[in-house]
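In: I need the structure of the sequence given here:
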Amino acid sequence: MRFRDVDCLRDRSCSGASRAPLHCQAGFTLIELLLAVVVAGLLAALAIPSYSSYLEGLKVDQAINDIRLVDLNIQRFYTVNFRYPTDLGELRDGFPTVDPWGNAYQYLNIALQKGKGKSRKDGKLNPINSDYDLYSVGKDGKSASPLTAKPSQDDIVRANNGGFIGLASKY
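Out: As a prediction, the model looks like this:
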């Protein structure tokens, strides 16, 4: 008698004629396997959106930090040259030029613009900066001048002359 058969004989659930080794072998039924697959699917359905939103939050944080770094480089440029750069190309290398979503960071020297037409504006159409605009167009890659516009809600903006850097929807 094999070792497994001895264990099967000791098992009280196998009695009488049902002591055949095939009947007593351990295994999963089709229903148990389907139940395990359903549970795994439910766990994945709950975990994937949380993980995706976590990754998106990391990208937002990275864009905020990038804008702070570019802002610091612009302030250094101003300290040395007594003027703001005309574009980001005038700055020294060593800072990010592309946001985490693959879009170029946007910069506008307000002093070089005629009027306030191209500057970023809040919900009351007041410019959010008086020196320069620096922002990321966000995940959707679209932006509009008032921050309350739907395409601008996911933008990462510098506002209040650097007093605020974050999501446009939180400004």
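
In: The longest helix along the chain: what's the following helix or strand?
Out: Secondary structure of the chain read by DSSP state H shows that its longest helix is helix 30-81. Remark: after helix 30-81, the chain's next helix or strand is strand 106-109, criterion DSSP states H and E.

In: centre of the chain versus that next one, how much separation?
Out: From the chain centre to the centre of strand 106-109 is a distance of 24 Å (CA atoms, centre = their mean, to the nearest Å).

In: what residue ranges in this structure are flagged as low confidence?
Out: For the chain, the stretches with pLDDT under 70 are 1-25, 115-117.

In: out of everything not next to it in sequence, what's closest to the residue nearest to the spatial centre of it?
Out: Nearest to the geometric centre of the chain sits residue 56, at 1.1 Å (CA atoms, centre = their mean). Leaving aside its sequence neighbours, residue 56 sits nearest to residue 139 (CB to CB, 6 or more residues apart in numbering; 7.0 Å). Any C-beta I mention is one placed from the backbone N, CA and C, and that applies to glycine too.

In: Just give the number of residues close to the one you found.
Out: 17 (other CB atoms under 10 Å).

In: and it, how far is that from residue 76?
Out: As judged by CB to CB, to the nearest Å, residue 139 and residue 76 stand 29 Å apart.

In: Next, residue 139: secondary structure please.
Out: Following DSSP: H, G, I helix; E, B strand; the rest coil, we place residue 139 in the coil state.

In: so how far is residue 103 from it?
Out: Counting by CB to CB - residue 139 and residue 103 are separated by 9 Å.

In: With residue 44 instead?
Out: Distance, residue 44 to residue 103, using CB to CB: 30 Å.

In: Mind checking which of those two has more residues around it?
Out: Per other CB under 10 Å, whichever of residue 44 and residue 103 has more neighbours is residue 103, with 17 against 10.

In: Go ahead and confirm the more buried one touches residue 140.
Out: No - in this structure, residue 103 is not within contact of residue 140 by CB atoms under 8 Å, at 9.4 Å.

In: what's near enough to touch the residue lying closest to residue 107 once chain neighbours are set aside?
Out: In this structure, residue 107 finds its nearest non-sequential neighbour in residue 88, 4.9 Å apart by CB to CB, 6+ apart. With contacts defined as CB atoms under 8 Å, 6 or more residues apart in numbering, residue 88 is in contact with 70, 97, 105, 107.
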